[in-house]
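Visitor: Next one to model:
(3 chains)
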Amino acid sequence: MFSVIDCNSFYVSCERLFQPRYENRPVVVLSNNDGCVISRSNEAKALQIPMGAPAFKYENVFKQHNVKLFSPNFTLYGDISSRVMNVISRYADGMEIYSIDEAFLFLEGVTLEQSLIMHREIRERVKKEVGIPVSIGISSTKTLSKAANEIAKNNDKYGGVYNIDIKNVSQYRQDLTNLKVGDVWGIGRRYAELLRSHGVETAYQFSKCDDEWIRKNMSIVGLKTAQELRGTSCLDLEEVRPAKQSIISSKSFGKPVSELTELKEAVSTFTTRAAEKLRSEGEVAGQIRVSLLTNIHKSSDPQYFPSSSAQLMGPTDFTPDLISEALKIVNKIYRKGYLYKKAIVQLYDLRAQDKIQLGLFPKNVNNNEKTIAKNKKIMKSVDSLNNEWGSETVQFGSQGLVKQAGKVGKNKKWFQRRSMRSDRYTTRWNELLKVIC
DNA sequence: TCTGGGGTCCTAGGACCC
DNA sequence: TCTGGGGTCCTAGGACCC
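Guide: Here you go, the predicted model:
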């Protein structure tokens, strides 16, 4: 038996935790640059504000209905997430943290009744100890438990916990008939369109489709989804998170950038971010890729999407080496006369730090043992200083003084706007919640 | 003026090898 | 006159997830 525990409107719930005056009011969390909507309270959903909607298109709705807007505060969300997961883990032998707001459990040797009791308790404990509301779906496969979760979330009458029992044939059929095929986990916009064009509207109809046809049109992945809907488990619990295969740092700029020097500062900073992530994963990268993008939404502007990659001189996690390769690529792909809106730095061909293969000609390249040891020490010091004193306390020259007078990103066109970010209540001493009596 | 960011997996097709 | 076939590796592109 599987279950999936999903936090309701997670980012919004995190914000409400520290500012309860926004309960019962429409609340929205925006993406970086306050670009589009990435989390909505039920009240905001009721105003027909879609997920992913560009904020500027809904300005009137926001004003008219007094919608509270937040810039994203991922530091806060990450910390609250780990508290939620911590509570859940007390109940489970096997648990898979699927995303920042979601976890799967695998349950053996419990009856349905016992499972329902346990999950109601999980729901109460998470609400009481962390303050976040969750919905829970239970069934015999992961895909069915996600479907049950949809039902739990959208029907108050089930008290946040719902179970799909494939043995109760008529109910099972009813549940899957009520579920639109596009709402099935694993069926996105494209496949939903394809299926609808073949007269398949509901999850139940999809589960009755011909295997050969599914395999041919939706690959093995689609076939597994169909089988899971029929009650055959094809997707196991992944308790150990597999090592990352790539690390990306990609951000839109606050304002369009046309100058090479500014692009290089941005790419240096993104590379620094990616390298930090790389080290925290205990991995090294063999290749790096840099892409630049003009604003795809502005069709009147000339468009240009160059990108190129480079093999590193031996796998590394040393920020200066990564920056220097990234900047070589920028020099190569940059063309004057375009308004760039976004840059992407991607590290891949990753492997564990302790599996670095030394260079064949160690004197000529940067990965002989001595250099590696020295570089490791340097990065360790930089990381711990930045952890202790805030990011960008130690910067690399090519970033172009991102932090000045304690302010990060000031006067940098490419730096992102985050004007409505709440405080990092749980991770910064100087941003602790103040209670005034 | 203003449209997110970070991931995974699968497949087809080309290059290359023997 | 007849000009293979099996296998691997790599990459780009497309689908999906939250």
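
Visitor: How about stretch A:246-265 and DNA strand C, any contact?
Guide: No. Under the criterion of Cβ under 7 Å from any atom of the strand, stretch A:246-265 makes no contact with DNA strand C; the nearest approach is 10.8 Å. (Each C-beta comes from the backbone N, C-alpha and C, glycine too.)

Visitor: May I see the buried residues of that stretch?
Guide: The neighbour-count criterion (16 or more other Cβ atoms under 10 Å) identifies A:Ile247, A:Ser249, A:Lys251, A:Ser252, A:Phe253, A:Gly254, A:Pro256, A:Val257, A:Glu262, A:Leu263, A:Lys264, A:Glu265 as the buried residues of stretch A:246-265.

Visitor: tell me which of those is nearest to A:Lys380?
Guide: The shortest gap between A:Lys380 and any of the buried residues of stretch A:246-265 belongs to A:Ile247, at 18.6 Å (Cβ to Cβ).

Visitor: That closest one: what secondary structure?
Guide: Secondary structure assignment for A:Ile247 (DSSP: H, G, I helix; E, B strand; the rest coil): strand.

Visitor: Touching, it and A:Glu281? I think so.
Guide: Yes. A contact is recorded between A:Ile247 and A:Glu281 when judged using Cβ atoms under 8 Å, the distance being 7.3 Å.

Visitor: okay, and the common contacts of these two?
Guide: Counting by Cβ atoms under 8 Å, 6 or more residues apart in numbering, the residues touching both A:Ile247 and A:Glu281 are A:Leu350.

Visitor: Grab the nearest non-local neighbour of A:Lys244.
Guide: Using Cβ to Cβ, 6 or more residues apart in numbering and skipping residues adjacent in sequence, the residue nearest A:Lys244 is A:Glu281, 5.6 Å away.

Visitor: residues in contact with that neighbour?
Guide: Neighbours of A:Glu281 in contact, by Cβ under 8 Å, 6+ apart: A:Ala243, A:Lys244, A:Ile247, A:Leu350.

Visitor: what about the nearest residue to the last one once chain neighbours are set aside, neighbour count?
Guide: Beyond its immediate neighbours in the sequence, the residue positioned closest to A:Leu350 (Cβ to Cβ, 6+ apart) is A:Glu283, lying 4.5 Å away. Neighbourhood size, A:Glu283 [other Cβ atoms under 10 Å]: 20.

Visitor: what are the phi and psi values for A:Glu283?
Guide: The phi and psi values for A:Glu283, taken as degrees, to the nearest 10, are phi -120, psi 160.

Visitor: from memory A:Lys264 sits against A:Ile329, does it?
Guide: No. The criterion here is Cβ under 8 Å, and A:Lys264 misses it with A:Ile329 at 10.5 Å.

Visitor: circling back: filter the contacts of A:Glu281 to the buried ones?
Guide: If we count by 16+ other Cβ under 10 Å, the contacts of A:Glu281 have these buried: A:Ile247, A:Leu350.

Visitor: Show me which pair in the contacts of A:Glu281 is furthest apart.
Guide: A:Ala243 and A:Ile247 (10.8 Å).

Visitor: list residues touching both of those two?
Guide: Shared contacts of A:Ala243 and A:Ile247, defined by Cβ under 8 Å, 6+ apart, comprise A:Glu281, A:Glu283, A:Leu350.

Visitor: Adding distance to DNA strand C, write those out as TSV.
Guide: As requested, the shared contacts of A:Ala243 and A:Ile247 are arranged in TSV below (distance: Cβ to the nearest atom of the strand, whole Å):
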residue	distance to DNA strand C
A:Glu281	18
A:Glu283	18
A:Leu350	13
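
Visitor: Tabulate those residues (TSV), appending pLDDT.
Guide: Below are these laid out as TSV (pLDDT from 0 to 100):
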residue	pLDDT
A:Glu281	93
A:Glu283	92
A:Leu350	91
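
Visitor: can you list the domain ranges for chain A.
Guide: With automatic domain parsing serving as the domain definition, the record reports that chain A contains domains spanning A:2-163, A:169-229, A:246-399.

Visitor: Looking at the ones you listed, which one is packed in the most?
Guide: Relative to the other members of those, domain A:2-163 carries the highest mean neighbour count by mean count of other Cβ atoms under 10 Å, namely a mean of 18.
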